[in-house]
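Asks: Okay, predicted coordinates and the sequence, questions at the end:
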Amino acid sequence: MSPILIAVLGVVVLLLAIFLIVVAMRPNEFKVTRAASLAAPAATLFERVNDFHQWTSWSPWEDKDPAMKKIYDGPPAGVGTHYHWVGNKNVGEGMMTITESRPNELIRIKLEFLKPFKGTNDTVFTFKPENAGTAVTWTMSGNYNFFTKMFGLFMNMDKMIGTDFEKGLAQLGAAAKSPAKV
């Protein structure tokens, strides 16, 4: 083997090692939060989030796959309500289960992604009355594995998901102005 080839291979191995160390040192956890002041009562907004059937009127992912298959299970709303979806490459496949529901205050959801990658996240909505409306906060948190840490070097998760959260909160405020679907 020529000395130049050995040097090139050495540099490639060194760069790969540096890359792997940078990935490994990235944070193990993530958190994406967005908040909005919506001109609707907390009870109305809470109802739209607490019932997965109502998500079709405001969820930012509905537009990404209008043909998405949805399966609802459990009680119609609140703790134990379960929603499973299968969609195109833009929405993937996953399921959500409401694990905590405090009327007009908080909803906690176990969010499980199955495709295109597996992951389990904690999602929380909070509702706080303010002036003539409600401050709504939407937060998703979870853990990174090595692959998602690597992905995070090239894609900003906060911007990517945060944009969807912003759109969803705006649509939630608009949907609250019309009667809820039964």
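Replies: Everything's here; your move.
Asks: going forward, measure contacts between C-alpha atoms and count neighbours the same way
Replies: Will do.
Asks: For the protein, give me the ranges with low pLDDT.
Replies: 180-182 (pLDDT under 70).
Asks: And the residue nearest in space to the middle of it, which helix or strand is it part of?
Replies: Of all residues in the chain, the one closest to the mean position by Cα atoms, centre = their mean is residue 140, 5.5 Å from it. Assigned by DSSP states H and E, residue 140 belongs to strand 133-143.
Asks: from the chain's centre, how far out does that strand sit?
Replies: Computed by Cα atoms, centre = their mean, to the nearest Å, the chain-centroid distance of strand 133-143 equals 10 Å.
Asks: Renumber starting at 55 from here on
Replies: With 55 as the first residue, the last one maps to strand 187-197.
Asks: The helix or strand just after it relative to strand 187-197, how many degrees between them?
Replies: Next along the chain after strand 187-197, taking DSSP H and E as the criterion, comes helix 200-208. Interaxial angle, helix 200-208 versus strand 187-197 (axes from the mean of the first three to the mean of the last three Cα atoms, to 10 degrees): 120 degrees.
Asks: Tell me which other helices or strands helix 200-208 touches.
Replies: If you count contacts as 3 or more Cα pairs under 8 Å, 6 or more residues apart in numbering; DSSP states H and E, helix 200-208 packs onto helix 57-78.
Asks: list the buried ones in the helix or strand that the helix it packs on is followed by?
Replies: Using DSSP H and E, the helix or strand that follows helix 57-78 in sequence is strand 83-92. Neighbour counts using 16 or more other Cα atoms under 10 Å place 86, 87, 88, 89, 91, 92 of strand 83-92 among the buried residues.
Asks: Parallel or antiparallel, list what pairs with strand 83-92.
Replies: Here strand 83-92 is paired, per DSSP bridges, with strand 187-197 (antiparallel).
Asks: Pull the CA coordinates from the strand it pairs with and hand them back as PDB.
Replies: Output in PDB follows, covering the C-alpha atoms of strand 187-197 (Å, rounded to 0.1, in the frame of the first residue of the first chain):
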ATOM      1  CA  GLY A 187     -59.200  33.700  25.700                       C
ATOM      2  CA  THR A 188     -56.800  30.900  26.600                       C
ATOM      3  CA  ALA A 189     -53.100  30.400  26.500                       C
ATOM      4  CA  VAL A 190     -52.400  27.000  25.000                       C
ATOM      5  CA  THR A 191     -49.000  25.300  25.200                       C
ATOM      6  CA  TRP A 192     -48.100  22.200  23.200                       C
ATOM      7  CA  THR A 193     -45.000  20.400  24.200                       C
ATOM      8  CA  MET A 194     -43.400  17.100  22.900                       C
ATOM      9  CA  SER A 195     -40.400  15.600  24.600                       C
ATOM     10  CA  GLY A 196     -38.500  12.400  24.300                       C
ATOM     11  CA  ASN A 197     -35.200  10.700  24.000                       C
END
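Asks: Fine by me, thanks again.
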